[in-house]
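**Student:** here is a sequence together with a model predicted from it:
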Amino acid sequence: MRYTLRMDYSGRVHRFRSALEESRLDAAALTQLPNVRYLCGFTGSSGVLVITDREALLFTDGRYMQQAQDEVKGAKIRISRKSSLLVAAEWMGRQRSARRIGIEAAHLTVSAQGTLRNTIPKTARFMDATPALVHMRMVKDSEEIGFIRKACRLGVELFEKAVKEIRPGITESHVAGKLEFEARKAGVDEMAFPTIIAAGLRSALPHGRASSQQIPRRAFVVCALGVILAG
């Protein structure tokens, strides 16, 4: 099954700009990939999204040239051979109006923060933009609500299949593998967390990841799973 995405990325960028203005920020450099995807649709593993009052730019590298063209909405694409963060910082450094720059402070390494501080003029100030984006993302739009409902229904269907699969002598990892295979066939992005199948004494483990242990004839079996659809 394929799930069609019709997210309003341009509308999200517009609302985020308003949030930046309320936070008195001139620009934001977003590096946490789920947030990058939320605002422009990009699903690659490397990219920086810069948003100002006039521009929205995704900086990434040549591996994602075609993918970015296919996925990104509401932002321009800049491909470079250099580090995406470095190129983004160089671009922001040339914008005289960008003096208060929002970053995702909890998700930037010391090295990444050093790149920003060493590249952007010293007159710029870095502020944490995380609260503005978190509050925005708390309010789900109709598309998000629809995907959450689909994910919940699919989780129930997968659990029902797990119950039929569980029997004495089958290993925990066999059950988990079957579940994850069925989830992939149903079109999920990935599992929400490592599938938990824990039988017998291992059922006492709250986060007992599936192991090679066989399921005993008489025992409790803990099963916990979740799926991600459309990010």
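**Tutor:** Right, received. Where do you want to start?
**Student:** just the helices in the protein please.
**Tutor:** Using DSSP state H, the helices of the chain run over residues 9-22, 33-40, 65-71, 84-93, 110-119, 130-138, 142-165, 172-185.
**Student:** output the ones you listed in CSV, with mean pLDDT and mean neighbour count appended to each entry.
**Tutor:** The way it works is simple: take the backbone N, C-alpha and C, and place the C-beta from them, glycine included. Formatted as CSV, those follow (pLDDT from 0 to 100; neighbours: other C-beta atoms under 10 Å):
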stretch, mean pLDDT, mean neighbour count
helix 9-22, 94, 16
helix 33-40, 95, 21
helix 65-71, 96, 14
helix 84-93, 94, 21
helix 110-119, 93, 14
helix 130-138, 92, 15
helix 142-165, 92, 14
helix 172-185, 95, 18
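**Student:** format those as a markdown table; extra columns: distance to I215.
**Tutor:** Output for the helices of the chain, formatted as a markdown table (distance: least, C-beta to C-beta, whole Å):
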| stretch | distance to I215 |
| --- | --- |
| helix 9-22 | 45 |
| helix 33-40 | 35 |
| helix 65-71 | 41 |
| helix 84-93 | 46 |
| helix 110-119 | 45 |
| helix 130-138 | 39 |
| helix 142-165 | 10 |
| helix 172-185 | 7 |
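**Student:** tell me which of the ones you listed lies nearest to P194.
**Tutor:** With C-beta to C-beta as the criterion, P194 lies closest to helix 172-185 of those, at 8.2 Å.
**Student:** packing partners for that closest one?
**Tutor:** helix 142-165, strand 196-199 (3 or more C-beta pairs under 8 Å, 6 or more residues apart in numbering; DSSP states H and E).
**Student:** run through who's touching that helix.
**Tutor:** The contact list for helix 172-185 (C-beta atoms under 8 Å, 6 or more residues apart in numbering) reads 154, 158, 161-162, 165-166, 191, 195, 197-199, 202, 210-215, 223, 225, 227.
**Student:** extract the CA atoms of that helix and return them as PDB.
**Tutor:** The C-alpha trace of helix 172-185 is given here as PDB (Å, rounded to 0.1, in the frame of the first residue of the first chain):
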ATOM      1  CA  GLU A 172      11.000 -14.100  19.600                       C
ATOM      2  CA  SER A 173      13.000 -12.700  16.700                       C
ATOM      3  CA  HIS A 174      11.000 -14.800  14.300                       C
ATOM      4  CA  VAL A 175       7.800 -13.100  15.500                       C
ATOM      5  CA  ALA A 176       9.400  -9.600  15.400                       C
ATOM      6  CA  GLY A 177      10.700 -10.200  11.900                       C
ATOM      7  CA  LYS A 178       7.300 -11.400  10.700                       C
ATOM      8  CA  LEU A 179       5.700  -8.300  12.100                       C
ATOM      9  CA  GLU A 180       8.300  -5.900  10.600                       C
ATOM     10  CA  PHE A 181       8.000  -7.600   7.200                       C
ATOM     11  CA  GLU A 182       4.200  -7.200   7.200                       C
ATOM     12  CA  ALA A 183       4.700  -3.600   8.300                       C
ATOM     13  CA  ARG A 184       7.000  -2.900   5.300                       C
ATOM     14  CA  LYS A 185       4.500  -4.600   3.000                       C
END
